[in-house]
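I need the structure of the sequence given here:
(2 chains, ligands or ions: 3)
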Amino acid sequence: MPTVNLTVNGKAVSANVESRTLLVNLLRENLALTGTHVGCDTSQCGACVVHVDGQSVKACTMLAVQADGAKVTTIEGLANGDTLHPMQEAFRDNHGLQCGFCTPGMVMSAVCLVKDRPNITEHEVREGLEGNICRCTGYHNIVQAVLAGAKAMGR
Amino acid sequence: MYNFEYQKASSAADAAAKIKAAGEDGKLMAGGMTLIPTLKQRLAQPSALVDLGGAKDLAGIKVEGNAVVIGAMTTHAAVAASKDVQGKIKALAGLAANIGDRQVRHRGTIGGSIANNDPAADYPAAVLALGATIVTNQRKIAADDFFKGMFETALQPGEIITAVSFPVPEKAGYVKFPNPASRYAVVGVFVAKTGGGVRVGVTGAGNSGVFRAHKMEEALSKDFSAKAIEGMHPPADAMNADIHASAEYRAHLVGVMAKRAIAAAG
Ligand SMILES: Cc1cc2nc3c(=O)[nH]c(=O)nc-3n(C[C@H](O)[C@H](O)[C@H](O)COP(=O)(O)OP(=O)(O)OC[C@H]3O[C@@H](n4cnc5c(N)ncnc54)[C@H](O)[C@@H]3O)c2cc1C
Ligand code: FES
Ligand code: FES
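Ligands and ions are numbered 1, 2, ... in the order given. Predicted coordinates for the structure are as follows:
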């Protein structure tokens, strides 16, 4: 079985995986980082979004072996100890979640989307979240949360 | 997903050697944005995957003379953000910026999109309308000879697209009617005005994949305006029909998208 070496949330990780193992399965099953969710099998919902080398990607549509050597950040890696990341805080303040299933993916997509864009517009946020589906359809508050998070990240 | 042997290529030449050694059941992988969903559904069972992700010589954008040359492994996000593409062929940067969603654009590549030749993919319309040249590790293929119907291309087994060379047009515009769920084109029309006349590439619509709208091209070569193609559209019996749109509706949309593409070209 191939060995993959990667950095996950700042820690060096090494694992033996089958070639067909998806990155999301490596994270959830081998590393017990179950904050990254799986909501579909068609690469459309975005519940599985993580950052690979700083870019938002769908962890269900990437093989673990493709992430060899990469720096991966999951939802568990955003907070600083007990202090939430400004985007997480913004989701809490704006009621940006209902059941919470889509939330990790939304937050990870949002953090990448608004980086260095404190003045991103509502329209740009809506377009930028094209790849994230909320089954509870709470989009209004999600968009408000992302706008607030963008401002907070810019401070 | 069935298991397979995974191999990472370090360059185009290394990929060519590895895919040759893998034999007829080997498959190239670019960003995996089409291939991995296909494998997950068990619609394909390659014995080996040769990953082009490490082949740095396949990615990047250059301006060479009067052409923009885009490496096969260049992501949609990189094409959309490129100052060279925005400056020389704005419509192409805009096309890339509207493929799927941001996460798909971070991984999906121009080479993978063109090799796959999905009948609803965006890039094939641009490749055809701009009269691009597909460069492989073996030869150069003109756009007009490359697309061979749905999901079929002129590529031979194991042949690797290394780059796509787009001649810079005088003007160009692309407009699609996106499927609201996937963002693939229900109908997309790319119009390009070049020294050699006007070319119109249509994706999403045809029942044998991307095609050129020759009658529109003739009319637009005489008069490059939306008025010149008023009421024109391809015959419905050459169109695709599915739950999203009937053949008649797609035929109608080709006319509408073409007029909007001309307006977008300015
Ligand atoms: C949710 C979602 C939405 C999407 N929406 C759109 C959309 O709106 N418009 C659109 O156009 N596309 C869309 N796509 C597809 C996307 O553009 C992909 O990037 C594209 O299909 C190719 O993926 P890839 O580059 O990762 O190639 P892969 O999936 O890795 O490969 C695709 C095929 O091409 C072959 N291949 C790859 N590279 C080469 C090469 N250099 N030489 C020869 N053969 C090669 C592979 O063997 C495979 O058969 C969407 C995809 C998803 C998952
Ligand atoms: S689980 Fe739905 S896109 Fe990854
Ligand atoms: S909060 Fe329930 S899926 Fe989005």
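
What residues sit buried inside the longest helix anywhere in chain B?
Looking across chain B with DSSP state H, the single longest helix is helix B:247-265. If you call a residue buried by 16 or more other CB atoms under 10 Å in any protein chain shown, then helix B:247-265 has these buried ones: B:247, B:249-255, B:257-262, B:264-265. C-beta: built from backbone N, CA, C; applies to glycine.

Contact partners for the residue nearest the centre of chain A?
Centroid check for chain A by CA atoms, centre = their mean gives residue A:108 as the closest residue, at 2.9 Å. Counting by CB atoms under 8 Å, 6 or more residues apart in numbering or on different chains, residue A:108 touches A:49, A:50, A:51, A:56, A:73, A:74, A:75, A:78.

Double-check the last one against residue A:86; I have them as touching.
No: with contact defined as CB atoms under 8 Å, residue A:78 does not count as touching residue A:86 (9.4 Å).

Name the nearest of the contacts of residue A:108 relative to residue B:4.
Nearest to residue B:4, judged by CB to CB, of the contacts of residue A:108 is residue A:50 at 23.2 Å.

Specify the local secondary structure of that closest one.
Secondary structure for residue A:50, judged by DSSP: H, G, I helix; E, B strand; the rest coil, is strand.

That one and residue A:60: what is the separation?
Separation of residue A:50 from residue A:60 (CB to CB, to the nearest Å): 10 Å.

joint contacts of these two?
A:23, A:24.

More neighbours: which of those two?
residue A:50 (32 against 27; other CB atoms under 10 Å in any protein chain shown).

can you give me the strands in chain B?
B:5-8, B:26-29, B:48-51, B:61-64, B:67-71, B:133-136, B:140-142, B:161-167, B:171-178, B:185-194, B:197-203, B:211-212 (DSSP state E).

for those, which one sits closest to ligand 3?
strand B:171-178 (22.6 Å; CB to the nearest ligand atom).

What parts of chain A come near ligand 2?
Residues of chain A found near ligand 2 (CB under 6 Å from any ligand atom) are A:38, A:39, A:40, A:43, A:44, A:45, A:46, A:47, A:48, A:58, A:60.

quick check, the last one in a strand?
No: the assignment for residue A:60, made by three-state DSSP, is helix rather than a strand.

and it, what is it in contact with?
Counted by CB under 8 Å, 6+ apart, residue A:60 has contacts A:22, A:23, A:24, A:38, A:40, A:41, A:43, A:48.

so of the residues of chain A next to ligand 2, which ones are in strands?
Checking those against DSSP E, those in strands are residue A:58.

As a markdown table, the residues of chain A next to ligand 2 with pLDDT would be great.
Putting the residues of chain A next to ligand 2 into a markdown table (pLDDT from 0 to 100) gives the following:
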| residue | pLDDT |
| --- | --- |
| A:38 | 98 |
| A:39 | 97 |
| A:40 | 96 |
| A:43 | 96 |
| A:44 | 95 |
| A:45 | 97 |
| A:46 | 98 |
| A:47 | 98 |
| A:48 | 98 |
| A:58 | 98 |
| A:60 | 98 |
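
Helices of chain A, residue ranges please.
Using DSSP H, helices in chain A cover A:23-25, A:86-93, A:103-114, A:122-128, A:139-154.

among the ones you listed, which is the most enclosed?
helix A:103-114 (a mean of 26; mean count of other CB atoms under 10 Å in any protein chain shown).

coming back round to it: which one, of the strands of chain B, ends up nearest to residue A:146?
Comparing the strands of chain B by their distance to residue A:146 (CB to CB), the top pick is strand B:171-178, with 22.0 Å.

can you give me the angle the closest one makes with strand B:161-167?
120 degrees (axes from the mean of the first three to the mean of the last three CA atoms, to 10 degrees).

Look at residue 37 and report its pLDDT.
This is for chain A. Note on residue A:37: pLDDT of 98.

Can you look at chain B instead?
For residue B:37, pLDDT reads 97.

what about the spatially most central residue of chain B, distance to chain A?
The centroid of chain B falls nearest to residue B:123 when counting by CA atoms, centre = their mean (2.2 Å). In this view, residue B:123 and chain A are 18 Å apart by CB to the nearest CB, to the nearest Å.

That residue contacts residue B:113, doesn't it?
Yes: in terms of CB under 8 Å, residue B:123 counts as a neighbour of residue B:113; the distance is 4.5 Å.

which neighbours do those two share?
Shared contacts of residue B:123 and residue B:113 (CB under 8 Å, 6+ apart): residue B:99.

Show me which residues of chain A are close to ligand 3?
A:97, A:98, A:99, A:100, A:101, A:102, A:134, A:135, A:136, A:138.

Can you add pLDDT and give those back as CSV?
Putting these into CSV (pLDDT from 0 to 100) gives the following:
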residue, pLDDT
A:97, 95
A:98, 95
A:99, 97
A:100, 97
A:101, 98
A:102, 98
A:134, 97
A:135, 95
A:136, 95
A:138, 89
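
Between these, identify the one with the most neighbours.
Busiest of those [other CB under 10 Å] is residue A:102, holding 27 neighbours.

Distance-wise, check the nearest residue to that one once chain neighbours are set aside relative to residue A:58.
Leaving aside its chain neighbours, residue A:102 sits nearest to residue A:134 (4.5 Å; criterion: CB to CB, 6 or more residues apart in numbering or on different chains). In this view, residue A:134 and residue A:58 are 16 Å apart by CB to CB.

Residue B:152 now?
For residue B:152 relative to residue A:58 (CB to CB), the value is 27 Å.

okay, these two: which has more neighbours?
When residue B:152 and residue A:58 are compared for neighbours, residue A:58 comes out ahead with 32 against 11, by other CB under 10 Å.
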